[in-house]
Structure formats: structure tokens, C-alpha cells
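Participant: sequence below, structure please.
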Amino acid sequence: QVQLVESGGGLVQAGGSLSLSCAASGRSFSSYAMGWFRQAPGKEREFVAAISSSGAATYYGDSVKGRFTISRDNAKNTVYLQMSSLKPEDTAVYYCARKIAGGSYYQVPNFGSWGQGTQVTVSS
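Facilitator: Model (predicted):
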């Protein structure tokens with residue numbers, strides 16, 4: 001059973017930066033792809049970024065491309081999301097998840113083992 005714990009959320013002004021971490025338990029972290037998603041109040045969960053098991057391939061949602069960077073450290077069982085040029089519309093609870101099914105990296109149903117989430121609030 002994989003458990004994921006996000007950290008690093010907080011309050012930041014527009015234009016600022018924030019770094020999120022997601023620590024995974026278990027010994028097979030390096031064998032599966034990981035993703036970051038977010039959910040704002042009243043909205044559906046939205047794909048943010050994903051990274052392949054080796055870290056060689058990364059994928060980004062259109063709204064964060066060029067501003068966010070996903071990375072991973074398999075030795076530390078951790079995936080990161082570096083966020084810069086933050087906007088008020090980036091405000092949401094951010095979740096990390098493990099890719100549990102084949103197919104698109106961009107689709108929520110292909111991910112599971114969701115963490116509890118960490119709140120990111122961007123003030124204008």
C-alpha cells in the first residue's frame with residue numbers, strides 16, 4: 001500500500017514562488033509515474049503536471065506550462081512541484097498521486113493513492 005504525503009503549501013502573493021513536496025512510502029516508488037493535481041472550491045480536480053518513473057518525461061497542463069516544474073528524486077521517494085509566477089487562479093488544494101493505469105498522463109482516473117492535499121493560496 002502506497003501512502004503519499006504532500007507538504008509545502010501556504011499563502012503567497014501573486015508573482016511569487018512556492019515549492020511542494022510529496023513523500024511516498026514503500027519500496028517501489030521508482031517504478032511508477034507520479035502526478036500533481038489541484039482542486040479549487042466548486043471545481044473539478046484538474047491535472048497540473050506528471051512525470052515518468054525515471055523522470056525522463058514530464059507533462060504539464062496548459063495553464064501551468066512554463067511556470068511550474070515537476071521533478072522527482074527516486075532515492076528519496078519524493079516528487080516535487082516548483083511553482084513560480086503564481087497567479088490568484090492557481091489557488092487550490094494540490095494533490096499528488098501515483099499513476100495506476102495505462103493511457104494518458106493527463107486524466108484523473110488514471111491516478112490513485114491520493115495524498116491528503118496541501119492548500120496553496122495566492123493573493124492578488
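
Participant: how much space separates the residue nearest to Asp90 when sequence neighbours are not counted from Lys87?
Facilitator: Nearest residue to Asp90 in three dimensions, chain neighbours excluded: Val122, at 5.1 Å (C-beta to C-beta, 6 or more residues apart in numbering). The way it works is simple: take the backbone N, C-alpha and C, and place the C-beta from them, glycine included. Plainly put, Val122 is 6 Å away from Lys87 if you go by C-beta to C-beta, to the nearest Å.

Participant: same check, this time on Asn74
Facilitator: 31 Å.

Participant: next one: Ala101
Facilitator: Distance from Ala101 to Lys87, by C-beta to C-beta: 31 Å.

Participant: same check, this time on Arg98
Facilitator: 28 Å.

Participant: those two - which one has more neighbours?
Facilitator: Arg98 (22 against 14; other C-beta atoms under 10 Å).

Participant: isn't that one right up against Tyr32?
Facilitator: Yes. With contact defined as C-beta atoms under 8 Å, Arg98 and Tyr32 form a contacting pair (5.3 Å).

Participant: which residue, other than its chain neighbours, is closest to Ser52?
Facilitator: Ala33 (5.1 Å).

Participant: burial count for the one you found?
Facilitator: The burial count for Ala33: 21, using other C-beta under 10 Å.

Participant: so who does it touch?
Facilitator: 50-53, 98-99, 105 (C-beta atoms under 8 Å, 6 or more residues apart in numbering).

Participant: next: Thr58.
Facilitator: Counted by C-beta under 8 Å, 6+ apart, Thr58 has contacts 49-52, 69-70.

Participant: find residues that contact each of Val122 and Lys87.
Facilitator: Ala14.
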